[in-house]
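Asks: Pasting a predicted model and its sequence here:
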Amino acid sequence: MSLDRARFSSLLTTIPPSAEPVMVAMVIPDTLENRSLESATVATLPDLFPESVVLVNFGLLEVSEEAIKTHTRAKGSEDDQPSRRIENIKVKMAIRGKSYVKSILEYKFTVDHGDRTMTDGQSKHIVRVHVTPRNAQPRKSDGEGPKPFIDLHKCINVTNELELLETIFPRAREGYIAALCETCQKYSQTLHLIVIPHNEKALASNLFITKPNMPTDHTLLAKVLRQTTCILTLMKSRIIPVRMKNIYRDFKEEIEHDPLDAFFDGYSDHIRDGNIAEKEKRPKFQANARAFFETWTEYKRIVGIAMIIEQRFHGRNYEYWGDADIIPLRNTYSKSSELYMGYTIFFSPEETKEVRPSLTANTAVLVSFAGPFDIALNVWWKGKVTSATVGAAQDDITIVVQRPSLKLHSEEVSTLKRKSFGRRVGHTTRLDDLGDRKQIKVFLEGNPSELERLTSNFTVMDSESLFEEDSEVESKWKDTYKDLLLGKEYDTLVQSGLYEDVKDSGSAIHFLKETLRPYQMEWVQKLVSGGLIARLAALTGPSGSGKSTAMFAAVLPYMLHVLYDPDEFNASHHLATLLRTQYEERAKKKDNKEALLNEEDIQESFLPNTEPMSKDEDSFSNVSEPQWVQGRVTIVAVQNESVENAFEEYKEWCERFASFTGHPPFLGFRMYALEIEVSAVLAMIHPDFDESKAPNLPYFMGDPNLFTDEVTKKHTDNFLKSMNGSGYEGIRDRRFQNIRASMAHGVLQLAGMAPLSPAMKAAFTRENLSQAFNALVDLRDARLSISQNNMRKLDYIGKRHASYAARKGLLFLLERASYIVTSIGVATQPSFIRSTTALACEEAGRVNDAEFLGLFSHFLFTKVHIVNGSPNQLPPMVFGPETENPFQKQLELSTLTRLVETGFPVLELMFTARFRNEELLNICNFVNRATYSAADGSFHEVKTAQAKKAMQAVWGVDSPVVYLDLAEPYIKYTPTRSAYNKDCAAIALHSILNMVASGICARDISYITPYNAQLDFFSKILEKAIEKDRAASYKLILEQKDLRYVTKSTVDSYMGKNNEYIILDTCGLQKGFLYDERRFLVALTRARTGMVVIGDMEDPYGPWRKIHKPDHPLYAVLKFIKKAKCLRVLSNKDKNEFQHYLKGVD
């Protein structure tokens, strides 16, 4: 449209005066930024300013000195802030029609800082401003309801309006506007002024104004974005009016009809499985991940839909048809039935277009030996997938199965030839006597419980309080956490300080100063000084920086007494009571058992650890004065192994803290899933239970030492390891590893069936212990019944009564324990009924939004949430097919990463104590794209010298880091496209054997690889080396240094762990799994002293020869390796020397 001066003048009157500057944009060509404007002639401007480039320059904001002083007094020191300022703000504009399921006009701000205190580089932040259907609507007056969408944007042709443009853009460099207009006129080009009015809704995600040491200009720029009434952008493009018209047409359509409605069946948009449409009815597209959201509805819809589609993938049942070799376990032969009771299966599933979960080790399955049309034999055998064992081909999946009742299946199923069924002692079962493979069906049962747990996170946040008197405080914290999760406007959220509600926190802070490193204590001090935003603190840093240590230490004082205001205290009590009532109701529906806890139990479970400020309190509930509550800490992690490590470390911290402060021992447990704990209690009450003894053999198992041939021995060991589960008699779940730290053991103490620990005596009064003892009488009766009736296990009635007694005991312990360490999946179950004063989350970089939400919905009144992790390491795990889930990328983005990207004050620790030498620290800095320093005392000259000596002896390289360049690697793939390379595995074994020979302890060596197939193959040849002792020169080594203690793992599973020496086997593939920067970072930061990398320096698909990403850190690492002379090239002749390790291994 042409310029209407009268209308445009009236529009400009809505723009605030210069004291409140509006967001006015002007075009600056990228290539002009480093040139003087005077040298740019009219003739060269078209070449410098292509239509596809849109850059906007705001310049510096005019700020009075008084405003700067006022702001710096509020943020901290007056001396350090003026040293930082915004040097330049560049903006790129993009118009995206429904690329995020909604249309947006995006301005991408790149904010460059000038900081005279920095010498190595200047900081930069990216902020995205979105014009959307929500904020492109007209402003509303007070009391007005919603209005229909009105298109108020303008695209004005200003090619001939030099005077007006110079008025609108007074900050333009002298002569630039005139040159721009003259160029457009000369070449018949069009210059448009885009005018975009908007309402009071926020535009920007965040300007990082809550992060430490940010320039004053950020706060002022944030004020501009919140108060401006329109955006003016100057743009040279003929098609921009059409593009803007189309985007506003999309805006109107999306206001009238939300595209996400297509995902819901019916009119309800509650996040429940039944409300989301099936695959055939859903729209097909792929949306990018969102760092921030405009509204809670948008958040819950996108995250909730993504979560439900992913969990449906896990909740379904799957069938796998395929051929199998079936080998009987010879010492499971039953003479009475003349059948074997246990078998090993080597299974090759048929390929299919259906995307199915992988059958990985420790997956429980059901197996049917009936053919597709043989319904009569369709009986399911219980089985479990295991790691590969002797005889398995590289492409096979190994499964062990146990025969069901002979009444159900009395047919022989083995594929061995009949002549190989010898049963006398010493007979050798030969795998080359296998007959034709048999077709079988493997059934994988889905687990819908996870979907129910995750949907409950959304339900809690959207539900209204059931107690009218609690609605205000409950709504306050729900709304606060919702605003936090949107990723916007962090400076408007509630700010508080660590320990401000902790009684006698002075001695606790003194303890932290005495035990933490200075840089860790600096983080704690910042939190003490008001660093909590919405009761949340986040911490990140490189591997070995002590993130976990700092977090664990920071929550210790919250095991002391913590102050709650009356409203929040009452609401917390009502919520705990409600959860117990709901738990009781579920139990009644299930079994019609009498209530688990009566009202006295409920109050006694919460009351005794409460120290009221007033002694005149008549009732626990509905208090009117602040209350001191005994603190309780809950620590969660993603992986069970991480939970075990966190428990051991936090337990040690608690012992030191109690000793320093003179506090009685803190009661703490490593909690497993409720059902696992209950089953453990039932196993432990057996009179013959002995935790120090190995589990009894299955009733059908003969003497494991009866047959000594390799096949039988290996297959038997594999069967027992898989079927025995935890290693304790009667406790089948393999995750149950720490019996003394379990809550099941605590229940036995309450029941009088195990000695009381000092921590139990300190946590419970005599009255409490007497009450618990009486409540758990069913457990003692169950033990007596087993003993008197000489039963192997409880009957149905006895088991039911004992189970409910066990649940009672677990509920007592949940509320009494000073600390509980468990997985995030357990802590966010409805059965996890615990009033927590502080919550710590380990591995937050692997927690997506659907999981992270549970840290607030299930811990609504927790005083502090602290999370730590590395957003640049491995992301949350997602397994469902991307083609079925339009929002799968959102699940692959952790909440911690979103917090970092949107400017939450996440503190990064800049020191690491992991690495013993400069070489490994340099590699850490390369892969992190950062400059970290070694913590005091972390470098170790003696250990580094030992590493150099070992590498020199094995590979002739005088460095703790060695890169073995494998020329022309021969790579194979399994049907699941997992890579393996026999030469790389042999080289890794050679490295380990000779490192051990040079004096390195086997326990100090870990072998890691990105590929499961390579891990399986390496495990085979390592096992051969241990059993056969191929090379006589290694005999003494194997006796003195047990190679069974060498750790073997995939890179993904090894995240969060480390060892002195790492053997990283890339399979000769630089590209692939390891090319992912996050996996690459994890792989190269696990070693403390020495590292051997086996790869292909000249991989034609890798970045050394052809850089796909010019700034990929692999380039810097390989360059460093060449420069540091850490490279050893292996020829074909060298490879031939390692072939003897591969003999006899498929």
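Replies: That came through, no problem. It should be emphasised that the depicted structure is a prediction, and the values quoted were computed from it without experimental measurement.

Asks: can we go C-alpha only for contacts and neighbour counts from here?
Replies: Will do.

Asks: lowest-pLDDT helix or strand in the protein?
Replies: Lowest by mean pLDDT, DSSP states H and E among the helices and strands of the chain is helix 45-48, with a mean of 29.

Asks: Quick one: distance of stretch 801-821 to the chain centre.
Replies: Offset of stretch 801-821 from its chain centre (Cα atoms, centre = their mean, to the nearest Å): 28 Å.

Asks: got it, and stretch 715-726?
Replies: The chain centroid and the centroid of stretch 715-726 are separated by 30 Å under Cα atoms, centre = their mean.

Asks: Show me what the mean pLDDT comes to for the one helix or strand His573 maps to.
Replies: Using DSSP states H and E, the element containing His573 is helix 566-591. Over the span of helix 566-591, the pLDDT mean works out to 75.

Asks: same question, stretch 263-271
Replies: pLDDT averaged over stretch 263-271 gives 80.

Asks: Okay, buried residues for it please.
Replies: Of the residues in stretch 263-271, Phe263, Phe264, Asp269, His270, Ile271 count as buried by neighbour count, 16 or more other Cα atoms under 10 Å.

Asks: Check the gap between the closest residue to the second one other than its chain neighbours and Lys407 for me.
Replies: Right, Phe264. Nearest residue to Phe264, sequence neighbours excluded (Cα to Cα, 6 or more residues apart in numbering): Ile276, at 4.6 Å. Distance of Ile276 to Lys407, given as Cα to Cα, to the nearest Å: 44 Å.

Asks: can you check Gln873 too?
Replies: Look at Gln873 and Lys407: by Cα to Cα, they are 53 Å apart.

Asks: neighbour count winner among those two?
Replies: For Gln873 versus Lys407, neighbours defined as other Cα atoms under 10 Å are more numerous around Gln873 (24 against 6).

Asks: Run a quick neighbour tally on the nearest residue to the more buried one once chain neighbours are set aside.
Replies: Excluding the flanking residues, the one nearest Gln873 by Cα to Cα, 6+ apart is Arg1078, at 4.4 Å. Number of residues near Arg1078 (other Cα under 10 Å) recorded here: 19.

Asks: cool, the one 3 residues further on as well?
Replies: For Leu1081, the count of nearby residues is 26 (other Cα under 10 Å).

Asks: That one - that's part of a helix, no?
Replies: Yes. Counting by DSSP: H, G, I helix; E, B strand; the rest coil, Leu1081 falls inside a helix.

Asks: shift numbering so it begins at 25
Replies: Yes, from this point I'll number from 25; that puts the last item at Leu1105.

Asks: which residues sit in contact with it?
Replies: For Leu1105, the contacting residues are Asn896, Gln897, Cys948, Val951, Asn952, by Cα atoms under 8 Å, 6 or more residues apart in numbering.

Asks: Distance to His882 for the buried residues of stretch 287-295 - can I get that in a markdown table?
Replies: As requested, the buried residues of stretch 287-295 are exported to a markdown table (distance: Cα to Cα, whole Å):
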| residue | distance to His882 |
| --- | --- |
| Phe287 | 27 |
| Phe288 | 26 |
| Asp293 | 22 |
| His294 | 18 |
| Ile295 | 17 |
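
Asks: Look at the closest residue to Asn1082 other than its chain neighbours and report its pLDDT.
Replies: Spatial nearest neighbour of Asn1082, excluding adjacent residues (Cα to Cα, 6+ apart): Arg1110 at 4.6 Å. Note on Arg1110: pLDDT of 95.

Asks: Quick check: the gap between the residue nearest the centre of the chain and Pro899.
Replies: Nearest to the centroid of the C-alpha atoms of the chain, with distances taken as Cα atoms, centre = their mean, sits Arg870, at 1.0 Å. Here the criterion is Cα to Cα. By it, Arg870 lies 5 Å from Pro899.

Asks: Are there residues contacting both of the two? Which ones?
Replies: Joint contacts of Arg870 and Pro899 (Cα under 8 Å, 6+ apart) are Ser918.

Asks: Does Ala796 fall in a helix, a strand, or a coil region?
Replies: Three-state assignment for Ala796 (three-state DSSP): helix.

Asks: measure the nearest residue to it once chain neighbours are set aside to Thr1109 for me?
Replies: Take Ala796 and drop its neighbours on the chain: the residue closest to it by Cα to Cα, 6+ apart is Leu774, 6.0 Å away. Using Cα to Cα, Leu774 is found at 45 Å from Thr1109.

Asks: for Asp819, same thing?
Replies: 53 Å.

Asks: quick one, which of these two is more surrounded?
Replies: Between Asp819 and Thr1109, counted using other Cα under 10 Å, Thr1109 has the larger neighbour count: 26 against 12.
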